[in-house]
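Chemist: Pasting a predicted model and its sequence here:
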Amino acid sequence: MIYEELYTDEWGVTYSNYGRVLMEVNPQLFTCEEYSIPEGVEVLEGDFFFKNAKLRKITLPGTLRKMDANAFIHCPLENLELPEGLTEVPEFMCECCRTLKKVVLPSTIKKILTGAFNGCRSLEEVNLPEGIEFIDESTFRLCESLKQVNLPSKLEIIRAELFYGSGIESIEIHHNIKEIGYWAFWGCKQLKCLAIPESVKRIGYGITSAHEGFEGIDCHAKGFHVENEALIDDENLELLCCWTQQKHYVVPECVRRIADISGNEFVKTITVKQPVELTTYESFASDINLMRVDFQGGVTGITEHTFWNCRKIK
């Protein structure tokens, strides 16, 4: 128990407000591999994010109710358990914790904020309690070892880049989901298929990309349809994403706008017979074997990034 209004322990961790706030961590003094934050601490304002951090294990107090952003960025944590009573996972809490394998979230969590586990390449297991109502963008971005999660039933939006580049193999998009953000499952090379229920009203571009073994999108959402291995927004006549493994691909003739045919290693030529507008700035980026695009009806919207990393384009 800390009695002083301001107190710094032997590891350079400073507590204030009579031990209720962890205020800051001195990177020169903090060399711990294991550390326990004492009971009574309610707010974590300081963070353990600094060069060459050695922290492998952190024990959080049951009294903790709030954490600021960036708490454990780049720390070599292996497991993390958040205490009951905490309602929010802060922004970038464990970003790039590359040895983190397991996270236990309490039943009281309502929100997970931006990028909380972004770049946690070894993360294999995380529970998502049913009380969660909001998961912000990029939360599980580049979590390559994360193969499956169950989306909480109260969740209504799969936000942008939520599982971008992750190891997700399958996922059930339940009937309370109303929106899927851009690049939500882009680069998920273990994903077998994606079923979009009728409840979904809005779909962003590039929600998935082409990869070996992907069976495609089964779309039941009104106002969208699948044609020639592409998901098309009927109202805007926009090709949102394409997962073709054809070497010579012809864009469906109903399309008037192209958002995303990026990250495709199979396609070599693309033919577009009708006039089209490109609606994103990297429409064909990282199509590494693409050699030619034939815009027979003309095209607008080309940017300096349209063919970024298209190594063979002629």
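Modeler: In hand now; what should we look at?

Chemist: could you pull out the strands for the stretch 1-150 of the chain?
Modeler: Assigned by DSSP state E, counting those that start in this stretch, the strands in the stretch 1-150 of the chain fall at 6-8, 13-16, 21-25, 34-36, 43-44, 57-59, 66-67, 79-81, 88-89, 102-104, 111-112, 125-126, 134-135.

Chemist: As a markdown table, the ones you listed with mean neighbour count and distance to Asn118 would be great.
Modeler: Quick note: C-beta positions are derived from backbone N, CA and C, even for glycine. Output for those, formatted as a markdown table (neighbours: other C-beta atoms under 10 Å; distance: least, C-beta to C-beta, whole Å):
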| stretch | mean neighbour count | distance to Asn118 |
| --- | --- | --- |
| strand 6-8 | 14 | 31 |
| strand 13-16 | 20 | 26 |
| strand 21-25 | 19 | 22 |
| strand 34-36 | 13 | 23 |
| strand 43-44 | 20 | 19 |
| strand 57-59 | 15 | 19 |
| strand 66-67 | 17 | 16 |
| strand 79-81 | 17 | 15 |
| strand 88-89 | 20 | 12 |
| strand 102-104 | 17 | 13 |
| strand 111-112 | 20 | 11 |
| strand 125-126 | 18 | 13 |
| strand 134-135 | 19 | 12 |
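
Chemist: Now do Met1, the pLDDT please.
Modeler: Listed pLDDT for Met1 reads 47.

Chemist: on that earlier part again, which among the strands of the stretch 1-150 of the chain is found nearest to Cys241?
Modeler: strand 134-135 (21.0 Å; C-beta to C-beta).

Chemist: I'd say Ile157 and Ile173 touch.
Modeler: No - the pair Ile157 / Ile173 is not scored as a contact, 11.2 Å apart, by C-beta atoms under 8 Å.

Chemist: hey, what's in contact with both of those two?
Modeler: Ile180 (C-beta atoms under 8 Å, 6 or more residues apart in numbering).

Chemist: For Leu239, give me the pLDDT.
Modeler: So, for Leu239, pLDDT stands at 98.

Chemist: could you pull out the strands for the stretch 201-314 of the chain?
Modeler: Here the stretch 201-314 of the chain has its strands, by DSSP E, counting those that start in this stretch, at 202-203, 217-219, 224-226, 230-233, 238-242, 248-250, 257-258, 269-272, 276-278, 292-295, 299-300.
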